[in-house]
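Sharing a sequence plus its predicted fold:
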Amino acid sequence: MSSVTTTTTSAAPWRARFADPGYQAFVILRTGFTVAPILFGLDKFTNLLVDWPAYLAPWIDDVVPGSAQAAMYAVGVIEIVAGVAVALAPRFGGWLVAGWLAGIIVNLLTIPGYYDVALRDFGLLLGAVALARLAQRYHTKRQRP
């Protein structure tokens, strides 16, 4: 008679990690900064949430080739890539999203009436920086023997 030997891995390290409030914050930020840029990036192609070309400063529209909607297609691709970068490499992706948000803020500050959105995006930029810093911490922690 043969017996099958199974090995079970303890869930204790996994549970301990998720009990850490800092790690919980990291997971929440990573999830949000993965999903939001991808969804907003996809919406640049459909304009279901808002008329995205209206958020492009006229001076930027004058600089980029093509229409404002064509610029939004490029923006959409960049945002999707940024979301995927956060999912795969949050230490890099967090900084990428923070930089992208800084560019969006500059754009919005040059359009009268969009200062409230620029302020909101500044809060998001701070969250992206926090994600990048937490990703550094938990990546380093994971690498220790």
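Yep, it's here.

can we go C-alpha only for contacts and neighbour counts from here?
OK.

what about Ala135, distance to Pro21?
14 Å (CA to CA, to the nearest Å).

out of those two, which sits in the busier spot?
Neighbour comparison, Ala135 and Pro21: the larger count goes to Ala135, with 24 against 10 (by other CA atoms under 10 Å).

what sits against that one?
By CA atoms under 8 Å, 6 or more residues apart in numbering, the contact set of Ala135 is Phe26, Pro90, Arg91.

Contact partners for the second one?
With contact set as CA under 8 Å, 6+ apart, Pro90 has these partners: Arg30, Leu131, Ala132, Ala135.

Near the spatially closest residue to Leu125 that is not a sequence neighbour, how many other residues are there?
Using CA to CA, 6 or more residues apart in numbering and skipping the chain neighbours, the partner closest in space to Leu125 is Ala98 (4.8 Å). For Ala98, the count of nearby residues is 23 (other CA under 10 Å).

Over to Arg137?
When counting by other CA under 10 Å, one arrives at 15 neighbours for Arg137.

Now name the helix or strand holding it.
helix 115-143 (DSSP states H and E).

Let me know the secondary structure of Asn47.
Secondary structure for Asn47, judged by DSSP: H, G, I helix; E, B strand; the rest coil, is coil.

What strand or helix carries Arg17?
Applying DSSP H and E, one finds Arg17 within helix 12-19.

Quickly find the element holding the residue sitting nearest the centre point of the chain.
Nearest to the mean C-alpha position of the chain, by CA atoms, centre = their mean, lies Phe33 at 2.9 Å. Element membership for Phe33 (DSSP H and E) is helix 21-43.

and that helix, how far out from the chain's middle?
6 Å (CA atoms, centre = their mean, to the nearest Å).

and that helix, what does it pack onto?
helix 68-88, helix 90-109, helix 115-143 (3 or more CA pairs under 8 Å, 6 or more residues apart in numbering; DSSP states H and E).
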